[in-house]
Every structure is written in structure tokens, then in C-alpha cells.
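In: Just the structure for this:
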Amino acid sequence: MKRTRQSLVRNMRNRSTKSKMKTAIKAVMAAIEEQSVEKAQEALRAAIPVIDHGAVKGAMHKKTASRKVSRLTKRVNAFAAAQAQA
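Out: Okay, here's the model as predicted:
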């Protein structure tokens, strides 16, 4: 019974952490869709600690978090470079 209670608490905590992470990622993507380099870079700076926090707390593996940060950074940098050329 105790194991079940612990599992439920951890499940809720992980779900909350993952939800915050997904929201932060969506904010970065929305800023890119708005064609705003400044907003995208600011959203990325806000999203990175949220993603890293999920890895530290065990909601996801640290390499998964690193991969998500890397892909977001790559996307924002490519967007910024495209906007600079245009």
C-alpha cells in the first residue's frame, strides 16, 4: 500500500514537471511561428532551466533533456540566421 502511495505521488510530480517542460517548448515554437527572433531567444532562455530541472528531478533521462535543449537551440539559431539574411 505504501508503494502504491509513493508511486502516485511520484507520478503526479513527474507529470507536472513534464507538463511545464512541454509548455516551455511550445512557447519557444510559438515565438518562432510569430517570426520574432527576440521572443524566441527569450523563450529559449526560459525553457532551458525548466528542461534541465526535469532531468535533475528524474522525470526524464539527462540525455533526453540534453537532446531536447540541443534541438531547440539549433532551431532557434537557424531561425535567427534566416531572419538576419532576410
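
In: what's the neighbour count on the closest residue to Thr64 other than its chain neighbours?
Out: The shortest distance from Thr64 to any non-neighbouring residue, by CB to CB, 6 or more residues apart in numbering, is to Ala55 (7.2 Å). Yep, even glycine has a C-beta here, placed from its N, CA and C like the rest. Burial of Ala55 is recorded as 19 neighbouring residues (other CB atoms under 10 Å).

In: Helix or strand: which one has Ala55?
Out: Assigned by DSSP states H and E, Ala55 falls within helix 37-56.

In: List the contacts of that helix.
Out: 17-18, 20-21, 24-25, 27-28, 30-32, 60-62, 64-66, 68-69, 72-73, 76, 79-80, 83 (CB atoms under 8 Å, 6 or more residues apart in numbering).

In: which of these are buried?
Out: Buried subset of the contacts of helix 37-56 (neighbour count, 16 or more other CB atoms under 10 Å): 17, 20-21, 24-25, 27-28, 31-32, 60, 65, 68-69, 72, 76, 79.

In: Could you grab the helix/strand/coil label for Ile32?
Out: Here Ile32 takes the helix state, with states given by DSSP: H, G, I helix; E, B strand; the rest coil.

In: So it sits against Arg75, correct?
Out: Yes - the pair Ile32 / Arg75 is scored as a contact, 6.8 Å apart, by CB atoms under 8 Å.
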